[in-house]
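Peer 1: Predicted model and sequence follow; I will ask about them next.
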Amino acid sequence: MISQLIFRALDKRAVWVVCALLLVALAIPFANLVLPEGNPLHLPNYAVPLFGKYMTYAMLALALDLVWGYCGILSLGHAAFFSLGGYAMGMYLMRQIGARGVYGNPILPDFMVFLNYKELPWFWYGFDNFWFAALMVVLVPGLLAFVFGFLAFRSRVTGVYLSIITQAMTYALLLAFFRNDLGFGGNNGLTDFKDILGFNVQAGTTRAALFAASSIALAIAVIVCSAIVNSKLGKVMIAIRDAESRTRFLGYRVDNVKLFAFVVSAVIAGVAGALYVPQVGIINPGEFEPGNSIEVVIWTAVGGRGTIIGPILGGLLVNAGKSIFTGVWPDHWLYALGGLFIFVTLFMPKGIVGSLRSLFSSKTPQREDNEATRDTGGADTRLDADLQPGPAE
Amino acid sequence: MSEVTDKFKTMLYLNGVSVSFDGFRALHNLSIIVHPNEMLAIIGPNGAGKTTMMDIITGKTKPDDGEVFFDGRTDLTRLDEAAIANLGIGRKFQKPTVFESQTVWDNLEMALKKPRGVFATLGYVAANDDIARINEILDTIRLSSRKGDLAAGLSHGQKQWLEIGMLLAQDPKLLLVDEPVAGMTDSETEETAKLLKEIAKTRSVVVVEHDMSFVRALGTRVSCLAEGSVLAEGTLDQVSANPVVIERYLGR
């Protein structure tokens, strides 16, 4: 069954994306570490973790697309899963600091010494082991998604209402993580990381390796998502997106299918967050900001939802644009982002990938194309009604 | 024959079913029986409760009162839509509802009677039998040449047929068919009547329809519903000769 799944996952498009990602995983470290400074293709040091960050964002967008583009669940809380994965990794990195912190306490991270903690809270146990932290990166977002999804889908909360409660979920976590007594560093979050797996997080080679790990993780996520959407379950997910109650009358347990997609998506988002933290060097409650989750929706919409490559492209392009734009014209990025979203919604409802595909295949429409670029009035209206005010606020 | 033994021999047994929405009585003390391998045609004016009756049988709506039994022993009022579908009750909707962004083949593959669990569906690999069965259904519903096309591209009548094909793929014991010939040409209507009669040889079928010539072509037992209960029952000739039916439905 597994081999069948992987075989199906590797359709032509997925193979191209995976190959491109693996190539980039080699090319960027090569351009940074091997090519000498004078070479026109040399990549400066600051660019490596920046590109690595884009990769994790692309992975987050892909995770959202699995539930939104393919299953019709517009989650406005995906940054929460990303942040929880990030916090799990951050806790590991904090414990790796050991006695090198400002206060020199071998067990307690600096913020705990500062807040007069006498001993390590129980939920920090085990995070000195990488394997344990890695497990938590998958388990914590997965479990939250399971409990949340179980309650929401079983009660048949759909559409705008579901979007609102996912937004409430990330807002609740934002408020909780801001509190000092929760034990996660309050509003300062976790930072001042030193080592990951014994390697200095600041070192060029470590950063190159982290970039490569992010690209490879994204490639694996592409294979996983592709395996799901190319299976019969993927067809049922699309059926749920297009006509939920009809799918119930066919005998499918819609809530279970949605729950599966939601949990897988949350796990992918969590892994992305875990790779994000060592590359940016900090995780704080700001990552739970409701606006962050809405931005992910924009990346996905811009790239093209309901496709595998669309959200990746959207995540990379919009964030590269953000880096350039905020450098040149820092105060106006949000207007540009809002404008972009309105433009895409009005003129390219299928996103970049969808628009390109319908351009090239207008004479011979194929199944995948139409699947990807289909124009559901419902989903688009939802997009218009709920999201446009978000980015412009 | 006592009522109890009667109930155990039925495929569908509705007894005294009532349901109200915001004070509107959609069904009032409705009783209907369908036997195994029997076809029942239901006629009646708009708002008579035909669709509400189907909603109750398929678990979409719960009745306020009354009994709904499938196959003589399964209480349908306790189950949800998916469980009822898996028991072997298939439903064709009034407005054809096929999955438009997917191909004719995929529509049938999803409907095909197979384990419906998440992981079983994820790991599903079409067996030769499944492919043969889908091809067979495609022949029956005359869509073999369109199997790779998106369902959105089908004509209205073809969508109706695809939905009937999806019902066949589910291999149900009881089919609920809501206005199957709406929007069909005369020859398509004739073909549909033949197809349903063929199906009714091995399954129970409940057909809701307004088209009297179609109901006549089915040549089966007829129930006329009005204001949520049965007005008259019998052959089409008996029912259409009933003065109350003429006054409340046909005479308009």
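Peer 2: Nice, thanks for sending it over. Keep in mind the model is a prediction, meaning the values are calculated, not measured.
Peer 1: Excluding sequence neighbours, find me the nearest residue to the residue of the stretch 201-350 of chain A found nearest chain B.
Peer 2: Across the stretch 201-350 of chain A, no residue is closer to chain B than residue A:251, which sits at 3.4 Å (CB to the nearest CB). In short, each C-beta sits where N, CA and C put it, glycine included. Closest residue to residue A:251 apart from its sequence neighbours, by CB to CB, 6 or more residues apart in numbering or on different chains: residue B:85 at 3.4 Å.
Peer 1: next one: residue A:132
Peer 2: Leaving aside its sequence neighbours, residue A:132 sits nearest to residue A:126 (CB to CB, 6+ apart; 4.0 Å).
Peer 1: From residue A:46, how far off is the one you found?
Peer 2: 34 Å (CB to CB, to the nearest Å).
Peer 1: These two: who's more crowded?
Peer 2: Using other CB atoms under 10 Å in any protein chain shown, the more surrounded residue of residue A:126 and residue A:46 is residue A:126, with 15 against 9.
Peer 1: could you pull out the strands for the stretch 51-200 of chain B?
Peer 2: Under the criterion DSSP state E, counting those that start in this stretch, the stretch 51-200 of chain B contains strands at B:65-70, B:74-75, B:89-92, B:174-178.
Peer 1: Chain A is nearest to which of those?
Peer 2: Across the strands of the stretch 51-200 of chain B, chain A has its closest neighbour in strand B:89-92 (5.3 Å, CB to the nearest CB).
Peer 1: Just checking: what are the partner strands of that closest one?
Peer 2: If you go by DSSP bridges, strand B:89-92 pairs up with strand B:174-178 (parallel).
Peer 1: What values do phi and psi take at residue A:199?
Peer 2: Backbone torsions for residue A:199, taken as degrees, to the nearest 10, come to phi -100, psi 140.
Peer 1: what does residue A:107 give?
Peer 2: phi -100, psi -50.
Peer 1: and for stretch A:118-133, what are the contacting residues?
Peer 2: With contact meaning CB atoms under 8 Å, 6 or more residues apart in numbering or on different chains, stretch A:118-133 is reached by A:88-89, A:91-92, A:94-96, A:107-108, A:112, A:136, A:183, A:197, A:274.
Peer 1: try stretch A:139-154
Peer 2: A:80-82, A:84-85, A:88, A:162, A:165-166, A:169, A:254-255, A:258-259, A:262-263, A:265-267, A:269-270, A:273.
Peer 1: Go through those residues and flag which are in helices.
Peer 2: Among these, the members found in helices (DSSP state H) are A:80-82, A:84-85, A:88, A:162, A:165-166, A:169, A:254-255, A:258-259, A:262-263, A:265-267, A:269-270, A:273.
Peer 1: show me what contacts residue 212?
Peer 2: I went with chain A, as the question did not name one. Per CB under 8 Å, 6+ apart, neighbours of residue A:212: A:25, A:26, A:28, A:29.
Peer 1: Hmm, no, I was thinking of chain B.
Peer 2: By CB under 8 Å, 6+ apart, the contact list for residue B:212 reads B:43, B:236, B:240.
Peer 1: surely residue A:180 meets residue A:117?
Peer 2: No. Look at residue A:180 against residue A:117 with CB atoms under 8 Å: they stay out of range, at 10.4 Å.
Peer 1: So for the two, which residue has more residues nearby?
Peer 2: Neighbour count, other CB under 10 Å: between residue A:180 and residue A:117, residue A:117 has more, with 16 against 13.
Peer 1: wait, is that one part of a strand?
Peer 2: No. With DSSP: H, G, I helix; E, B strand; the rest coil as the criterion, residue A:117 is located in coil rather than a strand.
Peer 1: What about it? Give its phi and psi, please.
Peer 2: When read as degrees, to the nearest 10, the backbone of residue A:117 gives phi -70, psi 140.
Peer 1: for the nearest residue to it once chain neighbours are set aside, phi and psi?
Peer 2: Of all residues not flanking residue A:117 in the chain, residue A:108 sits nearest, at 5.8 Å (CB to CB, 6+ apart). Dihedral pair for residue A:108: phi -80, psi 130, per degrees, to the nearest 10.
Peer 1: Mind pulling the model confidence for residue A:108?
Peer 2: Listed pLDDT for residue A:108 reads 92.
Peer 1: What residues does it make contact with?
Peer 2: Taking CB under 8 Å, 6+ apart, we find residue A:108 in contact with A:117, A:119, A:120.
Peer 1: List the residues that contact residue 200.
Peer 2: You didn't say which chain, so I picked chain A. Residue A:200 touches A:194, A:206, counting by CB under 8 Å, 6+ apart.
Peer 1: meant chain B actually
Peer 2: Residues in contact with residue B:200 (CB under 8 Å, 6+ apart) are B:37, B:38, B:39, B:220.
Peer 1: Buried only: go through the residues you listed for me.
Peer 2: The neighbour-count criterion (16 or more other CB atoms under 10 Å in any protein chain shown) marks B:38, B:39, B:220 among those as buried.
Peer 1: re earlier: if you rank the contacts of residue B:212 by neighbours, which is first?
Peer 2: residue B:43 (26 neighbours).
Peer 1: what bridges to that residue?
Peer 2: residue B:224.
Peer 1: how close does it get to chain A?
Peer 2: Distance of residue B:43 to chain A, given as CB to the nearest CB, to the nearest Å: 23 Å.
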